[in-house]
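> sequence and computational prediction follow.
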Amino acid sequence: MDLSFRFAAESDVPNLVALVESAYRGEASRAGWTTEADFLDGQRTDADEVAGLLEDADSRVLVAAVPDRPDELVACCHIENRGDYAYFGMFAVRPGLQGGGVGKAVIAEAERVAVTAFGVREMHMTVISVRDELIAWYARRGYTRTGKTTPFPYGDERFGLPKRDDLEFELLIKPLA
């Protein structure tokens, strides 16, 4: 699929929230393979969080669209400059397009942006450790499991409503060229 990339604008916030929610939460997310519906309910993000990312000088929200429909978002991610490395998060691909190469293109563009915009040589991300298939996908893109984990923020509804008590985040790292 041919994609065009740009940085998100404030006018994109509602579409970004809808895209992220559709990829991770609820029944609609089951059309793709990135769903978290089996172990989390509730929201994945909201308009205030996304708007805050857009206002942060150390952040970029990258969006992908089909070139002839630039306002119809098919994927997104957040890239944050953290000094020695960039942090990659809020990665979402429209569920019906997952498995077709869109995610590969987005992560490659995010890595390029991290190097060119922030001058970093490493990308970090955290993934819920029970997401074996997703972690394997990142490993095929050069990300390494570190074994370093942080607890899931149980009780903080901004991260969702857990359906299990064994959730934690694992740090994955990739050196960038």
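Nice, I can see it.

> which strands and helices sit next to the longest helix belonging to the chain?
For the chain, the helix that runs over the most residues, judged by DSSP state H, is helix 102-118. When contacts are defined as 3 or more C-beta pairs under 8 Å, 6 or more residues apart in numbering; DSSP states H and E, helix 102-118 packs onto strand 59-66, strand 69-81, strand 86-93, strand 122-128. Placement of C-beta: from N, CA and C, glycine included.

> could you dump the shortest one to PDB, C-alpha only?
What follows is strand 122-128, C-alpha atoms only, in PDB (Å, rounded to 0.1, in the frame of the first residue of the first chain):
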ATOM      1  CA  GLU A 122      18.500   4.100  19.700                       C
ATOM      2  CA  MET A 123      14.700   3.500  19.900                       C
ATOM      3  CA  HIS A 124      13.000   2.200  23.000                       C
ATOM      4  CA  MET A 125       9.500   0.900  23.500                       C
ATOM      5  CA  THR A 126       7.500  -1.000  26.100                       C
ATOM      6  CA  VAL A 127       5.100  -3.800  25.300                       C
ATOM      7  CA  ILE A 128       2.800  -5.600  27.600                       C
END
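
> hang on, the earlier thing: what average pLDDT does the longest helix of the chain get?
Here helix 102-118 scores 97 as its mean pLDDT.

> one step back: just the helices and strands packed on helix 102-118: most buried one?
strand 86-93 (a mean of 23; mean count of other C-beta atoms under 10 Å).

> spatially central residue in this structure, please.
For the chain, the residue nearest the mean C-alpha position is Phe91 (1.6 Å; C-alpha atoms, centre = their mean).

> for the closest residue to it other than its chain neighbours, what are its contacts?
Nearest residue to Phe91, sequence neighbours excluded (C-beta to C-beta, 6 or more residues apart in numbering): Cys77, at 4.3 Å. Contact partners of Cys77, counting by C-beta atoms under 8 Å, 6 or more residues apart in numbering, are 61-62, 88-92, 106-107, 110.

> which residues does Cys77 bridge with?
Cys77 has these beta-bridge partners by DSSP bridges: Leu62.

> where's it relative to Tyr154, distance?
From Cys77 across to Tyr154, the span is 25 Å (C-beta to C-beta, to the nearest Å).
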